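[1] Sequence and predicted structure are below.
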Amino acid sequence: MTSRRVGAVVVGGGIVGANCAVQLTRAGVENVVILERDAPASKASGRAAGNLTIYRHERFGADASRLGRELYEEYEQKYDDLTLHRTKSYSIAYSDEGADYLRSEHESTTIETELLNADELAEREPEFATDDVTVALGFEDAVYTDPKQLTLAAHAVARDEGATLVQEEARDFEVEGNEISVQTTDGRYESPIVVVAAGAWTKRLLQRAGTDVALRPRTSQIAILEPPSDRDIPMWSAPDLSVYGRSTPEGRVLFGGGTTTPVTDLESFRTRARVPFLLQVGELAPRILPVLEDATLHDDWAGRVSATPDRYPYIGETDIEGLYVCSGFNGEGVSNSPFAARLLTDLIVGTDPLVDPSEFDPTRFEGDEAFEITDAVQWWADR
Ligand SMILES: Cc1cc2nc3c(=O)[nH]c(=O)nc-3n(C[C@H](O)[C@H](O)[C@H](O)COP(=O)(O)OP(=O)(O)OC[C@H]3O[C@@H](n4cnc5c(N)ncnc54)[C@H](O)[C@@H]3O)c2cc1C
């Protein structure tokens with residue numbers, strides 16, 4: 001069995017792990033190894049809708065969103081297979097609580113947004129049914145992309161800057177002085193820096209290392225609908241209904257939704273959408289976009305994302321020295337991983353952190369406590 005000393009080990013080859021590798025190499029950490037047990041982008045990062053919410057909101061601050069936009073535009077320049085699709089976007093509220101949520105988003109962002117009433121939305125976008133709409137928030141420059149190509153682009157940039165991706169599974173961790181030894185299917189890596197960015201598998205891996213974070217895997221699902229004729233529907237989201245959608249480049253309509261139901265068995269997880277989600281699509285799709293009344297189901301899938309009690313990700317060092325975590329992004333890890341990877345790197349190499357790291361501290365909860373998974377509007381109302 002081989003043993004290698006390396007500058008940093010990143011466990012997980014999704015978008016989070018790839019972006020962590022990019023930021024670590026850029027900060028001068030040499031010999032960064034990414035361990036991925038399957039193919040890169042084979043889990044949540046390849047199954048996402050690819051809506052880049054950093055073009056629409058600044059939940060973690062204007063600097064965090066800007067950093068993400070700049071990084072992804074750089075990837076687009078460098079990687080031929082990556083296209084950032086630009087479109088208009090609307091966040092639509094169907095309740096008073098949802099309207100308050102959108103108004104607060106409008107007031108707290110430096111991104112140009114426009115509050116619309118139901119009649120104004122109907123005039124601009126006649127495809128939407130607006131009878132039940134309380135408020136809509138319009139954005140001129142929303143962006144979506146193919147999340148698999150985005151993740152592969154991040155890996156290509158990481159590789160060009162010196163990181164190595166290996167197909168090995170991290171099995172166990174041992175702390176030896178100020179080094180952590182990562183046991184894999186093929187060998188062993190020793191490093192003072194180990195980052196666990198393993199998406200829904202993160203909690204399980206950290207437990208193997210002897211620590212814990214409050215993280216619960218949950219499902220997010222997508223249905224691709226075939227309308228009777230090609231449609232050009234802007235990006236939209238309905239936060240108080242926990243659903244979103246947009247046209248696809250092929251003229252179909254993507255309809256996505258998160259659930260607050262935890263995934264109990266990560267390994268036997270089936271990657272097709274569940275019946276309750278498809279029933280929800282059947283009910284809500286024509287209610288939001290009447291043109292979908294006669295749509296057929298073209299494709300559907302499900303993926304595993306990880307939720308935290310306060311809807312903030314874990315970015316930073318665990319209670320084991322040298323063992324870091326970057327996970328818990330809920331349904332927005334494609335969008336928020338650039339800033340998270342940068343913040344984590346700032347903490348590792350000791351540069352001024354991009355944003356206040358305390359809100360993301362992995363030790364802010366006990367780790368083993370039970371918690372309910374909340375959706376965005378419920379979280380906002382309860383906070
Ligand atoms: C249907 C759906 C729609 C979504 N839509 C959006 C969206 O529009 N915008 C957005 O920003 N986000 C979206 N998300 C969320 C986003 O996909 C996730 O937040 C993000 O992909 C998380 O990235 P990750 O790298 O942490 O996880 P993953 O992509 O799951 O990567 C983790 C990797 O770790 C690997 N791994 C696990 N255990 C080990 C081990 N022991 N050793 C080595 N490797 C291991 C896995 O094989 C996997 O490749 C969506 C998610 C889903 C499922």
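    Good, I have the coordinates. Just so we're clear, the structure is a prediction, and the values are computed from it rather than from any experiment.

[2] do stretch 42-55 and the ligand meet?
    Yes - for stretch 42-55, a contact with the ligand is found by C-beta under 6 Å from any ligand atom, at 42-45, 47-51, 53. C-beta: built from backbone N, CA, C; applies to glycine.

[3] so what's whichever residue of the stretch 51-200 of the chain sits closest to the ligand scoring on pLDDT?
    Using C-beta to the nearest ligand atom, the single residue of the stretch 51-200 of the chain nearest to the ligand is residue 199, 2.6 Å away. On the pLDDT scale, residue 199 is placed at 98.

[4] Now for residue 189: which residues touch it?
    By C-beta atoms under 8 Å, 6 or more residues apart in numbering, residue 189 lies in contact with 3-6, 9, 33, 35, 181-182.

[5] Help me confirm that it is found in a strand?
    Yes - with DSSP: H, G, I helix; E, B strand; the rest coil as the criterion, residue 189 is part of a strand.

[6] Name the residues linked to it by a beta bridge.
    Residue 189 forms beta bridges with residue 4, residue 182, as assigned by DSSP bridges.

[7] What residues sit buried inside stretch 181-199?
    Of the residues in stretch 181-199, 181-184, 188-199 count as buried by neighbour count, 16 or more other C-beta atoms under 10 Å.

[8] what about that stretch, distance to the chain center?
    From the chain centre to the centre of stretch 181-199 is a distance of 23 Å (C-alpha atoms, centre = their mean, to the nearest Å).

[9] repeat for stretch 281-299
    Per C-alpha atoms, centre = their mean, the centroid offset for stretch 281-299 relative to its chain is 25 Å.

[10] could I get it in CSV with only the CA atoms?
    Provided in CSV are the C-alpha atoms of stretch 281-299 (Å, rounded to 0.1, in the frame of the first residue of the first chain):
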residue,chain,number,x,y,z
VAL,A,281,-45.4,19.3,-10.5
GLY,A,282,-48.8,18.2,-12.0
GLU,A,283,-50.6,20.5,-9.6
LEU,A,284,-48.3,23.6,-9.6
ALA,A,285,-46.9,23.7,-13.1
PRO,A,286,-50.2,24.6,-14.9
ARG,A,287,-51.2,26.9,-11.9
ILE,A,288,-48.0,28.9,-12.4
LEU,A,289,-47.7,28.6,-16.2
PRO,A,290,-51.0,27.6,-17.8
VAL,A,291,-49.2,26.6,-21.0
LEU,A,292,-48.0,23.6,-19.1
GLU,A,293,-51.5,22.1,-18.8
ASP,A,294,-50.8,19.9,-21.8
ALA,A,295,-47.1,19.3,-21.2
THR,A,296,-45.8,15.8,-21.0
LEU,A,297,-43.0,14.4,-18.8
HIS,A,298,-39.7,14.2,-20.8
ASP,A,299,-37.3,13.3,-17.9
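
[11] Please determine whether that stretch lies in contact with the ligand.
    No - under the criterion of C-beta under 6 Å from any ligand atom, the ligand is not reached by stretch 281-299; the shortest gap measures 11.9 Å.

[12] which parts of that stretch are buried?
    Residues of stretch 281-299 classed as buried by neighbour count (16+ other C-beta under 10 Å): 281, 284-285, 287-289, 291-292, 295.

[13] Smallest gap between the stretch 1-150 of the chain and the ligand, at which residue?
    residue 14 (2.2 Å).

[14] Not counting sequence-adjacent ones, nearest residue to that residue?
    Distances taken as C-beta to C-beta, 6 or more residues apart in numbering put residue 45 closest to residue 14, at 3.7 Å, once the chain neighbours are dropped.

[15] Same question for residue 314.
    Closest to residue 314 by C-beta to C-beta, 6+ apart is residue 362, at 4.0 Å.

[16] Tell me the secondary structure of that neighbour, please.
    What three-state DSSP gives for residue 362 is coil.

[17] same check, this time on residue 92
    Under the three-state scheme (three-state DSSP), residue 92 adopts strand.

[18] Quick check: it touching residue 120?
    No - using C-beta atoms under 8 Å as the test, residue 92 is too far from residue 120 to be in contact (11.9 Å).

[19] Quick check: residues of the stretch 1-150 of the chain near the ligand?
    Neighbours of the ligand within the stretch 1-150 of the chain, by C-beta under 6 Å from any ligand atom: 11-17, 35-38, 42-45, 47-51, 53.

[20] Just the buried subset of those, please.
    Looks like those have 11-17, 35-37, 43-45, 47-51, 53 buried, using 16+ other C-beta under 10 Å.

[21] Return the subset of the residues you listed lying in strands.
    Among those, the members found in strands (DSSP state E) are 11, 35.
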